[in-house]
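Engineer: Provide a 3D model corresponding to the input given below.
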Amino acid sequence: MIHPALLGWGVLAVVLAILWARQLVTRNATTVDVAWSAGLLFLAGFYPIFVGGDPVRRALVATLGALWAGRLAWFLWVNRVREHEGEDGRYLHMRTVLGRRAPVVFFLFYQFQAAVAVIFSLPMLAAMQGGPLGPLAFTGLAVWLVAVGGESLADAQLAAFRANPANQGEVCRTGLWRYSRHPNYFFEWVHWWSYVLIGGGAPLTWIGPVAMLVFLFRITGIPYTEQQALRSRGDAYREYQRTTSVFVPWPPKEV
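Structural biologist: Modelled structure (predicted):
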């Protein structure tokens with residue numbers, strides 16, 4: 001029997017290929033962000049069909065994974081696609097720099113997102129398998145609630161700031177954004193520890209927090225977000241970098 005992660009990868013690869021073809025026409029790749037989180041929503045509900053383990057455990061992990069991914073997918077859809085005119089600045093910059101190579105590179109990027117979704121689904125898959133839930137699992141549930149609550153609050157604060165026309169071109173320093181330049185990323189990272197705890201420290205569960213830290217600091221997260229912020233906000237963002245923690249919420253430095 002084919003491993004469920006490989007089956008899931010096949011489905012996501014086809015879906016991402018279709019979305020890539022669509023962006024050739026629309027010249028807007030922003031939906032790839034929504035597709036990544038929606039892919040994890042799909043996998044969270046897909047895996048329990050194929051794996052064994054305590055049914056309550058499977059239901060809990062599937063529910064937590066689906067709620068987290070569904071919230072993120074909806075937030076990205078509303079704030080980066082539905083309410084946003086044109087392509088996200090990161091992808092517009094990529095398209096401009098790549099020129100004629102853009103279609104091929106974007107295809108590889110879309111397929112990379114499918115593979116990454118599968119990689120990040122493995123902690124959920126591992127946490128689903130095992131016996132009845134114990135105290136460590138309920139600690140993991142508490143971590144999940146704090147992390148997803150913090151991420152949701154950070155996203156809402158940023159969305160409210162950007163919705164105010166008076167803040168056009170300004171840097172958000174309200175709420176959690178006063179203490180971290182990326183509080184949403186911080187709580188996103190904390191969220192992955194919940195599967196480590198629920199899964200009792202099973203080896204595959206560690207992929208979540210370790211890989212997320214690497215992605216945030218070295219691949220697709222903080223570097224690209226800050227480059228775009230510097231292009232759009234200039235010296236105001238440089239001052240924000242000087243005074244505010246990059247990741248872990250911490251009191252800002254005195255200006």
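
Engineer: which residues in the stretch 101-250 of the chain form helices?
Structural biologist: Using DSSP state H, counting those that start in this stretch, the helices of the stretch 101-250 of the chain run over 102-128, 135-163, 183-198, 207-214, 222-233, 235-243.

Engineer: export those to JSON lines and tack on distance to Leu41, mean pLDDT and mean neighbour count?
Structural biologist: Backbone N, C-alpha and C define where each C-beta goes, glycine included. Formatted as JSON lines, these follow (distance: least, CB to CB, whole Å; pLDDT from 0 to 100; neighbours: other CB atoms under 10 Å):
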{"stretch": "helix 102-128", "distance to Leu41": "10", "mean pLDDT": "95", "mean neighbour count": "20"}
{"stretch": "helix 135-163", "distance to Leu41": "14", "mean pLDDT": "96", "mean neighbour count": "16"}
{"stretch": "helix 183-198", "distance to Leu41": "14", "mean pLDDT": "97", "mean neighbour count": "23"}
{"stretch": "helix 207-214", "distance to Leu41": "16", "mean pLDDT": "96", "mean neighbour count": "17"}
{"stretch": "helix 222-233", "distance to Leu41": "23", "mean pLDDT": "89", "mean neighbour count": "15"}
{"stretch": "helix 235-243", "distance to Leu41": "32", "mean pLDDT": "94", "mean neighbour count": "14"}
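
Engineer: can you report phi and psi for the closest residue to Arg162 other than its chain neighbours?
Structural biologist: Setting aside the residues directly before and after it, Arg162 is nearest to Cys172 in space (CB to CB, 6 or more residues apart in numbering), at 7.4 Å. When quoted as degrees, to the nearest 10, the phi and psi of Cys172 stand at phi -70, psi 120.

Engineer: quick check, Cys172 in contact with Ala163.
Structural biologist: No: Cys172 is beyond contact range of Ala163, at 11.1 Å (criterion: CB atoms under 8 Å).

Engineer: any figure for the gap between the residue nearest to Arg162 and Leu64?
Structural biologist: 28 Å (CB to CB, to the nearest Å).

Engineer: repeat that for Gly140.
Structural biologist: Distance from Gly140 to Leu64, by CB to CB: 9 Å.

Engineer: what touches both of those two?
Structural biologist: The contact sets of Gly140 and Leu64 overlap at Ser194, Ile198 (CB atoms under 8 Å, 6 or more residues apart in numbering).

Engineer: quick check: next helix or strand after the helix or strand encompassing Val56?
Structural biologist: Here Val56, judged by DSSP states H and E, is contained in helix 55-76. Once helix 55-76 ends, the next helix or strand along the chain (criterion: DSSP H and E) is helix 89-98.

Engineer: angle of that next one against helix 222-233?
Structural biologist: 90 degrees (axes from the mean of the first three to the mean of the last three CA atoms, to 10 degrees).

Engineer: and the angle from helix 89-98 to helix 102-128?
Structural biologist: Interaxial angle of helix 89-98 relative to helix 102-128 (the same axes, to 10 degrees): 140 degrees.

Engineer: just the CA atoms of the one helix or strand Gly10 maps to, as PDB, please.
Structural biologist: Taking DSSP H and E as the definition, Gly10 sits inside helix 4-26. Provided in PDB are the C-alpha atoms of helix 4-26 (Å, rounded to 0.1, in the frame of the first residue of the first chain):
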ATOM      1  CA  PRO A   4      -0.500   8.200   2.800                       C
ATOM      2  CA  ALA A   5       2.100  11.000   2.700                       C
ATOM      3  CA  LEU A   6       3.000  10.000  -0.900                       C
ATOM      4  CA  LEU A   7      -0.700   9.900  -1.800                       C
ATOM      5  CA  GLY A   8      -1.100  13.300  -0.300                       C
ATOM      6  CA  TRP A   9       1.900  14.700  -2.200                       C
ATOM      7  CA  GLY A  10       0.500  13.400  -5.500                       C
ATOM      8  CA  VAL A  11      -2.800  15.200  -4.900                       C
ATOM      9  CA  LEU A  12      -1.100  18.500  -3.900                       C
ATOM     10  CA  ALA A  13       1.300  18.300  -6.800                       C
ATOM     11  CA  VAL A  14      -1.600  18.200  -9.300                       C
ATOM     12  CA  VAL A  15      -3.500  21.000  -7.600                       C
ATOM     13  CA  LEU A  16      -0.300  23.200  -7.400                       C
ATOM     14  CA  ALA A  17       0.300  22.500 -11.100                       C
ATOM     15  CA  ILE A  18      -3.200  23.700 -12.000                       C
ATOM     16  CA  LEU A  19      -2.700  26.800  -9.900                       C
ATOM     17  CA  TRP A  20       0.600  27.500 -11.600                       C
ATOM     18  CA  ALA A  21      -1.100  27.300 -15.000                       C
ATOM     19  CA  ARG A  22      -3.700  29.700 -13.700                       C
ATOM     20  CA  GLN A  23      -1.100  32.300 -12.700                       C
ATOM     21  CA  LEU A  24       0.400  32.200 -16.200                       C
ATOM     22  CA  VAL A  25      -2.900  33.800 -17.300                       C
ATOM     23  CA  THR A  26      -3.500  36.100 -14.300                       C
END
